[in-house]
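J.: Quick one: sequence and predicted model below, then my questions.
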Amino acid sequence: MAPSIGTSVPRVDGPAKVCGSARYVDDLVLPGMLHGATVRSDVPRGRLLGVDLDPAFDWTGITVVTADDVPVNAVPLIESDQPVLARDEIRHAYEPVALLACEDRLRLAQALRHVTLRVEPLPPVLTIDDALAAREAIRGADNVIKRYRITKGRGGAAVEGCEVVVRGVYETGWQEHVYIEPNGMIGWWDGDTARVEGSLQCPYYVQKGIKGVFGLPDDGVDVTQAVTGGGFGGKEEYPTLVALHALLLAKKSGRPVKLVYGRQEDVEASTKRHPSRVEIASGCDRDGTLRAVSIRVLFDGGAYVTLTPVVLSRGALHACGAYRWEDVTVEAVAVATNTPPNGAFRGFGAPQTIWAIERHLDRVARTLGTDPVALKRKNLLRLGDTTATGQTLKESVGVEECVEKAMAASGYVEKRERGPVVTGRTARGVGAAIFLHGAGFTGSGEKYLKGKVAVDLLPGGRARVRTGSTDIGQGTETVFRQIAADGLGIGVENVDFAVPSTANVPDSGPTVASRTVMVVGSIVDAAAKELRARLEAEEKARGATRSAAWERLAADPARATSLVQYEPPPGVVWDDATYSGDAYPAYGWACDVAEVEVDLDTFETKVTGFWAAVDVGRVINPTLCAGQVEGGTLQAIGWALTEKLVTKDGKILNPRMTNYIVPTSLDAPPFTTTLVEAAYSRGPGGAKGVGELPMDGGAPAVAAAIEHATGLVLDRVPMLPEDLFEASVKGGAR
Amino acid sequence: MSVAGLALHPFSTPKTLDEALALLAERSARAEKTVLLAGGTDWFVERHVAPAEEAGVLPLVVDVSRLDALRGIAVEGETLHIGAAATYLEIRKDARVAARCPLLAATARDVGALQIQARGTLGGNLASGSPAADGVAALAALDATLLLRSIRGARRVPLAGFYTGYRRSVLAADELIEAIEIALPPEGSPFAWRKVGTRQAQAISKVAFAGLAVVASGRLARLGLGMASVAPTVALLPATRALGLSKPLGEVTDADVEQAVLADVSPIDDVRSTAAYRRHVAVRLAQRFFGELRAL
Amino acid sequence: MSMETNITLTVNGSVVTLEAPPAARLLDVLRERLGLTGTKEGCGEGECGACTVLLDGVPVNACLVAFGQCDGREVTTVEGLGSTAHLTPLQEAMVTEGGAQCGICTPGMLLSAEALLREEPRPTEPQIREAIAGNICRCTGYQRIVNAVNEAARRREARS
């Protein structure tokens, strides 16, 4: 059997998707189903005094749920500070307060307008600076959600003794996921069993939420993933709330309830990427050898804790970039504000700090009068080097090859040497970013997660993978089949993938953190190989053929299934107390080169070419892998150039696709993607993670290219034409 | 309301223009509201944010998208005649428009993306009165005349006299826009179309600039200018036009143009852009056009 | 003037007479009355293109078309292209080239591409990008969709 790993097996869910027969949550109809809607607050902070239903309105056939109907009114996550429905306190402008359901959508829409919230407004905390000033305390006395400190060597104080000291401040704004399918869930009760089906990344997160709020045992909750129209982190923690709301309405009405958000509600209420400010002081030798760095990372967590501590952690751990530093201090602080809670988004804190360190090194290069890539290359982490947390890199560091490949493909060096090309009122330039992304959960995360996967032998020579890892478009279904097929030594067409439902699949841990292929894939591989060993043993013991052995095992429930739990690699040591050790088992590495054209009158930036070279270890499926790289990169380009969430008094002014601007096919550059394969010994076939890495490099590469083209230095994303114009007014434009 | 409320809307599909006009007359006499529906690219969008509507007080939706009298594109003598319900896609694909009025063809191509071009119409763009309307900016530069009709008869109104304020016009309650008439410039007349939007397609303009000129022995014999998103209505830039006609092209300096454009525009800060940026871009696009004319 | 009207139209090659509110969106009628849920709603305001269908062969956003405007017209949805057992070259290329990831934009994307290929059997890359500019994809970065349309053009030519 020719191996399947390394070949571009067409995605297995493809035919249903191109024929319109794939069923997403909004395509599902249950008998007797009601439609649900959410009543939300209108002020960013206040005391909720009451929920009034207009007595003049006919409420027949309309189910109303308020905080009084919630058994345990807290969404269980890292902290349980977020209510399912607000009772006393309003903490952001889109806080859910009441729920309505009705069979008729028009009546439902009308009823929504007959609910009035009585709220006494309080002064809100809306920015990082507001929060740090702590004139209003909305969390503890200092509004701080979480702090980390990383130190290496003599710490950041060593910067002051260096030959060349450079300082800078780098900022990023919110980013909305804009998965094209908004959030949605159907919830219903089967006796005492809660069932939900919907758009989600992590069925076991949703299950945990439902168990906690309704006080149910594991087998009292079944969560099923419907075909999911994109996630990008946006459907990691948020769907739990949607599922809880649907189930509350279902419980009270006794009917199945579908709760599907409209686009505006989704943009307003769901999580977004954390806004950030990163302050960096660095020291280096005159020859460009980096020595010491002191970094302060500030993230805006929004109204509730959600996943902010973990996002901040990843941000802090990536703050030093792909470079060697002898002396390091990273201080990271996340604060609370009265804005919708920020949460998981592809990259998970790293894009913000990679943006900062890449822009900072561009600034150092400018100070030294050298090319940024030359400076960065000189200081790249190599095998045997230690990171800021003291982790020694022992294998799978393909960054140097990524840089070489990206340079060669893009012609970066020649283009930089030639200088910006100005034709009429258009300037063309190139820029690069070099970066890394830790694959899998941070530190001890995987040890606590204990992810599990089952592979079953089925009659007829077939096998089936059962996992809680979901396919949200990235191709899990297909690559897991490939891994299992090779493990078993069978054709990929003979492997099935079970619909992720908590009743049927084991908890593999969440579908996040670039861990699906590397971590969960490795247990798919292990389970498949264990079954193969059983088959071989059976053949030997009974002198049977492979197919006879297969059918015998498949028919024996005690031997048909291999359930394997993830074992973190030995020698990976992490200390949460000192925030030191092996932060991640392996890293993806990459070099991006962007070429841009800037209109010197209108300051519009068009990315005209993009070259990405990424080391994600052994590539399971080249087409799907490159698709991840390109899609993630375009999200980064959108974040860099057009995606700006405009807020006023805690409310979002552009919560629609007509004014929150994501790239179209005419905004996207042609992509040239090179896959570099520095194998990782513990990944399936040598694979690492790929999902998040491409989100990290696009923005700094584009910023460097704009700088090359125009001389304008932008240290904040997004970089709208208005921002370039402003920078040019302050001086420096051609 | 949600779009679920659409089911409540009374709806009518008149077969002829006369039937549509009679309906409009009848309803306006009774002070009843009527929505003329063509491409729906504004009306359906507005439903999402419109207040919840209760049955009984809803406007009548009258589909005019397929009235033959509103549909054609024709060249009569030196006049281009475009039915108000001709779509941007039809305009963009029309060979006569491409040859004789390339400015309008270029504009049509920049409206939304194909799906919007397939539905959107100049009549709808004019009637909804958005100051960001690309099509209207082009019509301004072309000094178009609007043919308005009611059962009382027809009248012609120059675009310059059509709007009375932000989303307000001289269109009477019983009237509709039947057609747009454009006095064709000589073939090969220089023109400019530049849309500065939020992205390369599917964008609403931050600034859009349309210019059309007829040059004769170093002077402008005809100059039309239009600009979107820089004033409460699409701007016709009268001071800049006057400047262009006032002296030989060679004597019109960038500083002159800047001064004139700044007198002509009054942009605001909004969710799409800033007043300062819009002023800058307005000036630069006009300067570019004058520069191109000087270089002829 | 009525709230429900009988309208006759051709959907995916079949003549259908249907009583539905004429001001209702074509999108809702397709999904809820005809069960054609392949047409998706991503924004409801003509921005994302997920609800793209062909109306008399031309791509339109079904969220911006009134059902009452469809009398006597021909509507093609993704269900009218091919079936999982018999994919069209375009559908096939979309799968093999990696043009579909989460799949929610895919039906609309296919219809825009189909309209292009009918009009322009060998489109250039700029033509392809322009034809799908009204269909937002958040997953792929578009490169592989462009490749798929190119590949589909090649396969269609090879077949004919």
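T.: That came through fine.

J.: For the rest of this, base every contact and every neighbour count on C-alpha atoms.
T.: OK.

J.: helices and strands around the helix or strand residue C:128 falls within, which ones?
T.: Assessed by DSSP states H and E, residue C:128 sits inside helix C:125-131. Judged by 3 or more CA pairs under 8 Å, 6 or more residues apart in numbering or on different chains; DSSP states H and E, helix C:125-131 is in contact with helix C:106-119, helix C:143-159.

J.: export the ones you listed to CSV and tack on mean pLDDT and distance to residue A:251?
T.: Shown next, in CSV, are the helices and strands packed on helix C:125-131 (pLDDT from 0 to 100; distance: least, CA to CA, whole Å):
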stretch, mean pLDDT, distance to residue A:251
helix C:106-119, 98, 35
helix C:143-159, 96, 43
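
J.: most neighbours per residue, which of those helices?
T.: Among the helices and strands packed on helix C:125-131, the stretch with the highest mean neighbour count (mean count of other CA atoms under 10 Å in any protein chain shown) is helix C:106-119, at a mean of 24.

J.: Could I get the contacting residues of the spatially closest residue to residue A:449 that is not a sequence neighbour?
T.: Distances taken as CA to CA, 6 or more residues apart in numbering or on different chains place residue A:509 nearest to residue A:449, at 6.1 Å, with adjacent residues excluded. Residues near residue A:509 by CA atoms under 8 Å, 6 or more residues apart in numbering or on different chains: A:202, A:204, A:449-452, A:468-469.

J.: before we move on, back to that, reformat the helices and strands packed on helix C:125-131 as TSV; add distance to residue B:155.
T.: Shown next, in TSV, are the helices and strands packed on helix C:125-131 (distance: least, CA to CA, whole Å):
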stretch	distance to residue B:155
helix C:106-119	40
helix C:143-159	49
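
J.: For residue A:371, which of those helices is the nearest?
T.: Closest to residue A:371 of the helices and strands packed on helix C:125-131, according to CA to CA: helix C:143-159, at 30.0 Å.

J.: got a list of contacts for that closest one?
T.: Under CA under 8 Å, 6+ apart, the answer for helix C:143-159 is A:627, A:630, A:670-671, C:89-90, C:92-94, C:96-100, C:113, C:117, C:121-123, C:125, C:128-129.

J.: Which of those fall in helices?
T.: A:627, A:630, C:89-90, C:92-94, C:96, C:113, C:117, C:125, C:128-129 (DSSP state H).

J.: sorry, back to before: please report how far the residue nearest to residue A:449 lies from chain B.
T.: 38 Å (CA to the nearest CA, to the nearest Å).

J.: Got the phi and psi for that residue?
T.: Per-residue torsions, residue A:509: phi 80, psi 170 (degrees, to the nearest 10).

J.: OK, contacts around residue B:114?
T.: The neighbours of residue B:114, taking CA under 8 Å, 6+ apart as the test, are B:89, C:59-60, C:130-131, C:133-134.

J.: now, which of those sits nearest chain A?
T.: Distance to chain A, by CA to the nearest CA, is smallest for residue C:133 among the contacts of residue B:114, at 5.1 Å.

J.: What about the closest residue to chain B within the stretch 51-200 of chain A, how many residues nearby?
T.: Nearest to chain B in the stretch 51-200 of chain A, going by CA to the nearest CA, is residue A:106, at a distance of 5.0 Å. If you count neighbours by other CA atoms under 10 Å in any protein chain shown, residue A:106 ends up with 21.

J.: roughly how far apart are it and residue A:198?
T.: Note on residue A:106: its distance to residue A:198, by CA to CA, to the nearest Å, is 23 Å.

J.: Just the element for the residue nearest to residue A:219 when sequence neighbours are not counted, please.
T.: If the residues on either side of it in the chain are set aside, residue A:219 comes closest to residue A:503, at 7.2 Å by CA to CA, 6+ apart. Using DSSP H and E, residue A:503 falls within no helix or strand.

J.: where does residue A:503 land on pLDDT?
T.: Looking at residue A:503, its pLDDT reads 97.

J.: residues in contact with it?
T.: Neighbours of residue A:503 in contact, by CA under 8 Å, 6+ apart: A:219, A:221-223.

J.: again with residue C:117
T.: So residue C:117 contacts C:123, C:153 (CA under 8 Å, 6+ apart).

J.: redo that, cut-off 10 Å
T.: Contacts for residue C:117 (CA atoms under 10 Å, 6 or more residues apart in numbering or on different chains) come out as C:90, C:111, C:123, C:128, C:131, C:149-150, C:152-153, C:156.

J.: Assign residue A:538 to helix, strand or coil.
T.: Assigned with DSSP: H, G, I helix; E, B strand; the rest coil, residue A:538 falls in the helix class.
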